[in-house]
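# Predicted structure and sequence below. I'll ask about it afterward.
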Amino acid sequence: MGVLLAIQPWNFPYYQLARVAAPNLMAGNVVMVKHASIVPQAAAAFERLFLEAGAPEGAYTNLYATKEQIGRLIDDPRIRGVALTGSEEAGSVVAARVGKNLKKSTMELGGSDALIVLADADLDKTVQWALWGRMNNGGQCCVAAKRIIAVDEIADRFLEQFKTELADLKAGDPFDEATTLPPMSSQAAADQLNAQVGAAVDAGATSIPLGEPIPTTGAFVQPTILTDLIPENPAYYQEFFGPVALFFRAEGEDEAVRLANDSHYGLGGSVFTQDTEHGAELAERLDTGMVFVNHPTWTKADLPFGGTKRSGYGHELSTAGIHEFVNNKLINIVPIDAPA
């Protein structure tokens, strides 16, 4: 198609650039990339790596663009498509501008993935995966296991073990190998997450803070589980970007599926069970772009990545990502017979 504009987030500052650049360069496009403003060094370093690797100049271009300049770029007819990974708010603004210009776009936005624990799940292993799924990258991940839904038969045991694991997290310097609870990306992000927890409690949720008190310096947030959430509580439908897990009990599998689907988001999800065939059947009922059985939602180069609902549209990675910004053009050679 030509020149693409990519707008990328901070939370995986090198990988996010690779996953948008590689598939589109394979397809023959070139990319101009506006990275997140809080990782300018990563943005510059990635462009240098391309040039050092021998890529043609202009195949990948780093931009330090303002919001106003991004709008002008979207309007420019030389830009043929736009790929954004970021927040729901940013996606709605950019998608509207792209749509006004009748251009192709992909939107990889927020998520509030459900991790469903069935009665026959291997509890010890499931708790470990739930901790990894919720706390990977300090919980600052679009496909983190943000909502944990356990069926009644196993809910109490799961919750107690999960609380123990969260309480054992050690806050500290992220360069220290002993640290298992890093700070948030910024103080503003920490303040926003703490405000969300406070608002959830004010609206009737129960907050369970866990572990040793967090450091008084640095953008840390206390690991927390929120329970007793109902749809009337605004937090029920919010994305919590950090070390806060929402916990739900389900009367049975049908209720677990209903709770999982009762979300504005549809990025990923997971089902934990020793009956993997049944887990796959349950996965088919989830209204999401991705479902993993016995593993939290994750991403690999050969797996298509994309969501439904307010998690956006389109795909990254795999052949699906390579084909997003191509023109499937028909050229049909017809014998020049006289019309009948």
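Happy to help now that I have it. Residues are numbered from 1 along each chain as shown.
# So Ser263 is in contact with Gly110, correct?
No: applying Cβ atoms under 8 Å, one finds Ser263 not in contact with Gly110, separated by 10.4 Å. Quick note: C-beta positions are derived from backbone N, CA and C, even for glycine.
# So which of these two has more stuff around it?
Neighbours were counted for Ser263 and for Gly110 using other Cβ atoms under 10 Å; Ser263 has more, 25 against 22.
# neighbours of the closest residue to the more buried one other than its chain neighbours, just the number please.
Distance criterion Cβ to Cβ, 6 or more residues apart in numbering; nearest residue to Ser263, sequence neighbours excluded, is Ser112 at 5.4 Å. If you count neighbours by other Cβ under 10 Å, Ser112 ends up with 26.
# what does Pro56 give?
Neighbours of Pro56 (other Cβ under 10 Å): 10.
# on that earlier part again, what residues are up against the residue nearest to Ser263?
Ser112 is in contact with Lys146, Arg147, Tyr237, Gln238, Glu239, Phe240, Leu246, Ser263, His264, Tyr265, Leu267, counting by Cβ atoms under 8 Å, 6 or more residues apart in numbering.
# Which parts of the stretch 151-300 of the chain are strands?
With strands called from DSSP state E, counting those that start in this stretch, the stretch 151-300 of the chain shows them at 206-209, 224-227, 244-250, 265-266, 269-272, 292-293.
# Which elements pack onto the first one?
Going back to what we said before, that points to strand 206-209. helix 187-202, strand 224-227 (3 or more Cβ pairs under 8 Å, 6 or more residues apart in numbering; DSSP states H and E).
# Next, the contact list for Ala6, please.
Ala6 touches Leu17, Val20, Ala21, Asn24, Val31, Met32, Val33, Lys34, Val82, Ala83, Leu84, counting by Cβ under 8 Å, 6+ apart.
# repeat that with 6 Å
Taking Cβ atoms under 6 Å, 6 or more residues apart in numbering, we find Ala6 in contact with Val20, Val31, Val33, Ala83.
# Could you do Thr180 as well?
Thr180 makes contact with Leu169, Lys170, according to Cβ under 6 Å, 6+ apart.
# Can you list the neighbours in contact with stretch 156-165?
Taking Cβ under 6 Å, 6+ apart as the rule, stretch 156-165 contacts Val117, Val127, Ala130, Leu131, Ala150, Leu210.
# sorry, back to before: between the contacts of Ala6, which is nearest Asn137?
Nearest to Asn137 among these, counting by Cβ to Cβ, is Val20 at 18.1 Å.
# Just list what the helix or strand hosting that closest one packs against, helices and strands only.
Per DSSP states H and E, Val20 falls inside helix 15-26. Helices and strands touching helix 15-26, by 3 or more Cβ pairs under 6 Å, 6 or more residues apart in numbering; DSSP states H and E, are helix 318-322.
# For the helix holding Val20, buried residues please.
Using 16 or more other Cβ atoms under 10 Å as the test for burial, helix 15-26 gives Gln16, Leu17, Arg19, Val20, Ala21, Ala22, Pro23, Asn24, Leu25.
# ok so, going back, and the contacts of Ala6 as JSON lines, adding secondary structure, distance to Ala195 and pLDDT?
Listed next are the contacts of Ala6 as JSON lines, based on DSSP: H, G, I helix; E, B strand; the rest coil; distance: Cβ to Cβ, whole Å; pLDDT from 0 to 100:
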{"residue": "Val20", "secondary structure": "helix", "distance to Ala195": "31", "pLDDT": "96"}
{"residue": "Val31", "secondary structure": "strand", "distance to Ala195": "36", "pLDDT": "98"}
{"residue": "Val33", "secondary structure": "strand", "distance to Ala195": "31", "pLDDT": "98"}
{"residue": "Ala83", "secondary structure": "strand", "distance to Ala195": "31", "pLDDT": "98"}
